[in-house]
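K.L.:
attaching a predicted model along with its sequence, questions to come.
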Amino acid sequence: MGPRQSKLTARLQRLRREEVTAPKKSPASRGQKNISLKKVSGGNSPDQGLDCSSALGRLRQRLKDRGAVYSEIKDAPACPTGLGAPRGLEAVEVRDGICHARIQTLDSKQAHGCWTLAEAHQADARAVELLAQDASLASVRAGDAIFLDTETTGLSGGSGTWVYMVGLGRFLPNGSFEMWQGFLQGPEAEKPFMQEVARRIAEARTVVSFFGKSYDQHRLLDRLRLNGLDSPFEGRPHLDLYYPLKRLLGGQGPGPYGDHKLQTLENRLCGHKRVDDLPGSAAPEAWFDFLAQRPHRLEGVFQHNFLDVLSLVTLFGYLGRALTGSRVDGRELAGSDLLRNLALMQSSIKNRQYERALGLLTATDFPGQPLAQVLAFDLTRGECLLRTGAVEAGQNLLHTIHERAWEGRTQEDIQRVGLESAQILGLSAVQRGELALAVEAHGWAADWLDLWPGLARHREVQLRLTKALKRVRF
Amino acid sequence: MIAGNGPEGPKIQPVDAARAAAGGRGTGQNPVERIVSSLKAEARWRERIVHWHETPEREGSRRGFPANMAPELVQVLHEQGVRTLRTHQAQAIEAALNGEDVLVATPTASGKTICYTVPVLQRLLETDGQARALFLYPTKALSQDQTVGLTAMIEGLGRHEGEHAFHAFTYDGDTPTSVRRTLRDRGHMVLTNPWMLHQGILPNHARWAELFKGLEFIIVDEVHSLSGVFGSSVANVLRRLVRIAAHYGAHPRFLASSATVREPAAHAQRLFGRPVTVVDKDASPAGKRYFAVYNPPLLNPVAGLRASALEEARKVASAVCGSHHQTIFFCGRRTAVEVLTRYLKEGASELGLKPSEVKGYRGGYLPNMRREIESGLKDGSIKVVISTNALELGIDIGALDVAVLVGYPGSQASFWQRAGRVGRRGGPSLVLQLARSEPTDQYLAAHPEYLFAAPRERLGLDPDNLVLLSEQLKCAAFELPFQRAEDGSLSGDPSFGQVSGAAEVLTYLAEYSGFLMERERTFYWMADAYPAQDVSLAGGDLDNVLILEQGTERALGETDRESSLVTCHEGAIYQVQGVTWRIEHFDHQNRRAYAKQVESDYYTDAQSDTDVRILRLEECLRRDRADFAVAHPVTLPEGVMPAEQTGEDISVWRGEVHVTTVATLYKKIRFYTKENVGAGEIHLPPEEIDTEAFLLTLSEETAAELGASCSDGGTAWHALGELMRSTAPLFVRCQPSDLGLCAQVRSPHFGRPTLVLYDRVQGGVGLSDLLLAAQRELLEACLDVVQRCACERGCPACVGPVEEVGAEGKAGVLRLLRHLSKGPDLAALEPSELDDPMESPCSAEDFGPEGHMTRGAQLQE
């Protein structure tokens, strides 16, 4: 302390261009400061009090200017605010200290949306393996999996991003479901916390997460490494539900934080609707507030994490029923049949299992669905037929696609399917020496290309087709 | 600088050899010799070249390999044609193997690479691949070149495959994600740049644990380029690196290379935070080199007006360009590159070239265009390139033949880097230094020995600049919590423990900025942010302004925020490869400027205004009138006797200031004729900075006797400031544009004539310190420039044109300089004798004898 410090501090303020008033040390004014700090770091208080967070606010603004994904709390729901340690924490002694967690046991018949947790046991590992395109999941079972979701102090990663809550759900031998929510009470207690998290993960055969292969796992690995602990993920199958579910919903989408985020999927597929859910983006602030002994919204984070883990369980159940297309009680799965069939077929094709692809289909007719989607499905089916030797059926199907597409030729995605059907038909005909059909299909393809110039690869195929025809003819 | 580049190594690339042969064919004489003879023979050149300097072919001195070097490593060097080491290489390698930190400060192409590759490979062999090394290069291209060289060495050692293989990898923004993991776990030698270290590696150090655990060497290339904001930031990044390495139990050594600089040991110590062994005696052989100093003719001796250097460059091109060799022109400014490129492309046929064989090159071109030009230079298809300093660092473009430096590049290191671009293959080469009508250039035309003598410029580096330090401490705290010792200090920290004020900055970041949280004497990063992403190393490069084509949003180039005030204002002409664009709209907030292509026969030149307020004075040197009386007092009003020779004469200061800059208007200047064809106003918000400054004050009496304050309205005083600013780069490593000037006839703070030369970086990076140290040398050089200048009453090459300084301007400046640069040295005042204006802003002494200040009397730039 002393005059030197105040001089340096004043100088720093000036140089860093921060309008700062001196912090007060008394507990009373501390609360005051907290509230304004919280508001600004939450990003929704441009004009009030602080000062200090103007630096953070400015930083975020600049990051956002440069296109960083930055979560902002728009209208945080009326989430209860608490003070002090979260309720119901149990302390477990582990090798290097104490780990705190909230542990609850649930009846697995409990509903989460319109699914029960127990339905996860009826998941078909083949469906999961196929759609996840991961052979290590060939015998995945809900009973020996751990359902993982973390809460962190930011999305950016790196050594300064803390994982302060880890939700780990699992089915117990007695059939009930255990929800373990580990909570980090302060940065100094991280090692025992991570030890316990790693131990629990290592007890399971499979890890199930949502976007965890890209996110949660890396955050945990960083923290484990920083504490000199080994990775429990090594050699353990990891089912990241994001990718297979995205396939089921028709490929391209706005990503894990957009329309394909967990909350949307649990609602669309499993009928669960959240009320007053604290957004994940409020998680950093809640923990910072708790550490600074300010009023905090950690209870909302616990609840959010709890629901996320339950949704992992029901979505796992959903995914596991994709092959049959219906739930155990015979009810149909929510979501588009057509897209689901398409996803199954495309996943099989990826493994070059064309027969299997055809065998998986639960339907081939989708009345009332958008023409472009139906035709895309048929095109995939036609390709499989050709590959499996059902040439005539395949060629007929492709011919039909071409004709139906031509009727609806004003749309670009239909033009694309039409062009591809004609080209595949043409190539197949050339290969089989069916000159007349080949010439005809080549002409159709040319017509399509007049309508829509196609992509580079389409033009390449066309060239190949033309050359092949010339060779056959002369 | 190129990998695997041994003393007489496998150096000569086929292309080079072919080019050399082509160059000599049919004439029996090397093209460079031919150019030199014609420059010496023809009258029109002979009278302009004021100085020739030749360095003969040099043998160099050699030594054997150190005894403790692994035989297989010696073998590989043998196979690469390296039979012995140059003496400086042997010294550096021995010191490095001895566990010392080493800086090799020798000229370009003296074989510095081997000085650090050998120790690294030696340690890899000794530890059977346990050791690790991190290489830092200033550019991506350099690190890629070097990876190729290292990989060749590894193959030579037979260690390129199998269980005991060594791996060298480039890690930069282009490295695919799929190989990053392999690289982190198995890269023995990771070649990267300061930005990737800062933003990618250090914040994610847990993933790089393998590298840090075994880290033995940190190689830092081209450390002379690490000055100013960038260098000061990198010094802090290195502190962070050492800190993280210590966390993993490693204590790496620094192996650094540099062009020749003044006081290399001091520079390295500031950069690395510890003393290093300096090896700076160049023992390498060299081809014959010709240097010529070309001074454009005086067009108007009375006005001291010389022909424009750019115009002379165009003329001399006819003598130095041709289809059998390669010529590089270096210009100081981007606009100059564009103008000269345009001239030479238009006149290509007269040079015996096709327009496509002439290329411009500068920062701000998009990367693929730059790569294309680089390879065109390497394969010889480009004969003439016109560049800014962008081609100064070791980007591999092969060796060229003739370098024309249009104007002094601003530092001796740059001069030698540019000169090093030619003559690498042992043949003769020519460097032509073209003087502009500027004080530095004219000083060098008169004192060419300056160029060839020991370096005199001081490098500015201030890792403890509070702005940079606080930003870097944010990054460091993100990487690893900081722990206070019992006494509250950071004494336990391996890097920041010795940095004064670091603990207070952390406290500040915790209590005021809210980024950190202190718990039980430990500072933890507690914010939802990734600080390294926001903290720039070059001070604001993230704030760059992007120039886009209006309508298509196609990127044309970019420029830094400060320059954008004068280059991106609406109406500015922006030039790329000779094509002119007019800025239609400048979105200042979002840092985007939109331009439309136009056929413009003019370019634009913008002006700005500056105001300076003194915040605090930290150091002062002073001389009393009794020590050195003014020789011949002038222009005292009738009846007034010269004041008594007591009291203060002159003082110089260092202190903190607040500066406000506003861009005001721009002029339109026609190509070729340079006539002024119009003007416009600029409406942009002011830029404000807090920084450090060097100040020069005259006492009232001295000012009156020297005529500095009355009759001429301060023009001589202002002209002196401009002269000091433009001459400063001779003694302080900076560009004149790094310094701001404010000349006040009556400073509101001192109440007397004051010159303020301030550091244009927020918080300052030590230039004011260096100016204070160099002030006497600087004033002496200024006097020399003005005395020698042929003009009668002022010209751009000395005090400025007579229209600006007035009829008596030159005489006035001379009078000032004759007093300021002569007589006894100034003596330091005790700190207690300094007033702190923050605490006593209105002490009587500050306002001089008359006790009041008149703002209107100020004269600003």
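P.N.:
Looks like it arrived, so ask away.

K.L.:
from here on, contacts and neighbour counts on C-alpha atoms
P.N.:
Fine.

K.L.:
which residues of the stretch 251-400 of chain A lie near chain B?
P.N.:
Taking Cα under 8 Å from any Cα of the partner chain as the criterion, the stretch 251-400 of chain A approaches chain B at residues A:284, A:285, A:288, A:292.

K.L.:
which one among those residues gets closest to residue B:75?
P.N.:
Nearest to residue B:75 among those is residue A:284, at 57.8 Å by Cα to Cα.

K.L.:
all the strands of the stretch 301-450 of chain B, residue numbers only.
P.N.:
Here the stretch 301-450 of chain B has its strands, by DSSP state E, counting those that start in this stretch, at B:305-306, B:327-331, B:358-361, B:384-387, B:402-406, B:429-434.

K.L.:
got a winner among the residues of the stretch 251-400 of chain A next to chain B for most neighbours?
P.N.:
residue A:284 (26 neighbours; other Cα atoms under 10 Å in any protein chain shown).

K.L.:
could you dump the residues of the stretch 251-400 of chain A next to chain B into a markdown table and include pLDDT and distance to residue B:215?
P.N.:
Listed next are these as a markdown table, based on pLDDT from 0 to 100; distance: Cα to Cα, whole Å:
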| residue | pLDDT | distance to residue B:215 |
| --- | --- | --- |
| A:284 | 93 | 34 |
| A:285 | 92 | 37 |
| A:288 | 94 | 35 |
| A:292 | 90 | 37 |
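
K.L.:
next step: those residues restricted to strands.
P.N.:
Members of these lying in strands (criterion: DSSP state E): none.

K.L.:
which one among those gets closest to residue A:245?
P.N.:
Nearest member of those to residue A:245, counting by Cα to Cα, is residue A:284, at 27.6 Å.

K.L.:
just the pLDDT for residue 56.
P.N.:
This is for chain A. pLDDT recorded at residue A:56 is 52.

K.L.:
wait, chain B
P.N.:
We have a pLDDT of 85 for residue B:56.

K.L.:
surely it and residue B:288 touch.
P.N.:
Yes - at 4.8 Å, residue B:56 and residue B:288 qualify as touching, with contact defined as Cα atoms under 8 Å.

K.L.:
more neighbours, those two?
P.N.:
It is residue B:288, of residue B:56 and residue B:288, that has more neighbours when counted by other Cα under 10 Å, with 16 against 12.

K.L.:
how is chain A divided into domains?
P.N.:
Domain assignment for chain A by automatic domain parsing gives A:3-21+A:33-65, A:90-319, A:337-473.

K.L.:
ok, residue A:273 - how many residues close by?
P.N.:
Number of residues near residue A:273 (other Cα under 10 Å) recorded here: 15.

K.L.:
what's the answer for the one 10 residues further on, then?
P.N.:
The local packing of residue A:283 (other Cα under 10 Å) involves 24 other residues.

K.L.:
does residue B:484 touch residue B:491 like I think?
P.N.:
Yes - look at residue B:484 against residue B:491 with Cα under 8 Å: they come within range, at 7.4 Å.

K.L.:
what about the stretch 651-800 of chain B, any weak spots by pLDDT?
P.N.:
Within the stretch 651-800 of chain B, the ranges that satisfy pLDDT under 70 run B:708-713.

K.L.:
what does it put close to chain A?
P.N.:
Neighbours of chain A within the stretch 651-800 of chain B, by Cα under 8 Å from any Cα: B:690, B:762, B:763.

K.L.:
which ones are touching the first one?
P.N.:
It refers to residue B:690. By Cα atoms under 8 Å, 6 or more residues apart in numbering or on different chains, the residues touching residue B:690 are A:14, A:15, B:656, B:657, B:658, B:659, B:762, B:763, B:764.

K.L.:
does the fourth one lie in a helix or a strand, and which?
P.N.:
Translated: residue B:657. Taking DSSP states H and E as the definition, residue B:657 sits inside strand B:648-670.

K.L.:
parallel or antiparallel, which strands does that strand pair with?
P.N.:
With DSSP bridges as the test, strand B:648-670 is paired with strand B:602-624 (antiparallel), strand B:676-681 (antiparallel), strand B:687-698 (antiparallel).

K.L.:
what about the nearest residue to residue B:681 once chain neighbours are set aside, how many residues nearby?
P.N.:
Distances taken as Cα to Cα, 6 or more residues apart in numbering or on different chains put residue B:665 closest to residue B:681, at 4.2 Å, once the chain neighbours are dropped. Neighbours of residue B:665 under the rule other Cα under 10 Å: 17.

K.L.:
touching, residue B:665 and residue B:606? I think so.
P.N.:
Yes - at 5.8 Å, residue B:665 counts as touching residue B:606 under the criterion of Cα under 8 Å.

K.L.:
out of the helices and strands in chain B, which is least certain?
P.N.:
Least confident helix or strand, chain B: helix B:14-24 with a mean of 41, by mean pLDDT, DSSP states H and E.

K.L.:
immediately after the lengthiest helix in chain A, which helix or strand?
P.N.:
Looking across chain A with DSSP state H, the single longest helix is helix A:298-319. Proceeding N to C from helix A:298-319, the next assigned helix or strand is helix A:337-350, under DSSP H and E.

K.L.:
just how off-centre is that following helix within its chain?
P.N.:
On the basis of Cα atoms, centre = their mean, to the nearest Å, helix A:337-350 sits 19 Å off its chain's mean C-alpha point.

K.L.:
mind listing what's buried along it?
P.N.:
Of the residues in helix A:337-350, A:337-349 count as buried by neighbour count, 16 or more other Cα atoms under 10 Å in any protein chain shown.

K.L.:
format the CA atom coordinates belonging to it as CSV.
P.N.:
Taking Å, rounded to 0.1, in the frame of the first residue of the first chain, the C-alpha atoms of helix A:337-350 are listed here in CSV:
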residue,chain,number,x,y,z
ASP,A,337,-40.0,-40.5,-41.1
LEU,A,338,-38.5,-39.6,-44.4
LEU,A,339,-35.5,-37.8,-42.9
ARG,A,340,-35.0,-40.6,-40.5
ASN,A,341,-35.0,-43.2,-43.3
LEU,A,342,-32.7,-41.1,-45.3
ALA,A,343,-30.3,-40.7,-42.4
LEU,A,344,-30.2,-44.5,-41.8
MET,A,345,-29.6,-45.1,-45.5
GLN,A,346,-26.9,-42.6,-45.8
SER,A,347,-25.1,-43.8,-42.7
SER,A,348,-25.1,-47.3,-44.1
ILE,A,349,-23.8,-46.1,-47.5
LYS,A,350,-21.0,-44.5,-45.6
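
K.L.:
the nearest residue to residue A:302 once chain neighbours are set aside: which element?
P.N.:
Nearest residue to residue A:302 in three dimensions, chain neighbours excluded: residue A:181, at 7.6 Å (Cα to Cα, 6+ apart). Assigned by DSSP H and E, residue A:181 belongs to strand A:177-183.

K.L.:
which strands and helices lie in contact with that strand?
P.N.:
Here strand A:177-183 touches strand A:97-106, strand A:163-171, helix A:190-203, helix A:298-319, going by 3 or more Cα pairs under 8 Å, 6 or more residues apart in numbering or on different chains; DSSP states H and E.

K.L.:
neighbouring strands for it, and are they parallel or not?
P.N.:
Sheet pairing of strand A:177-183 (DSSP bridges) gives strand A:97-106 (antiparallel), strand A:163-171 (antiparallel).
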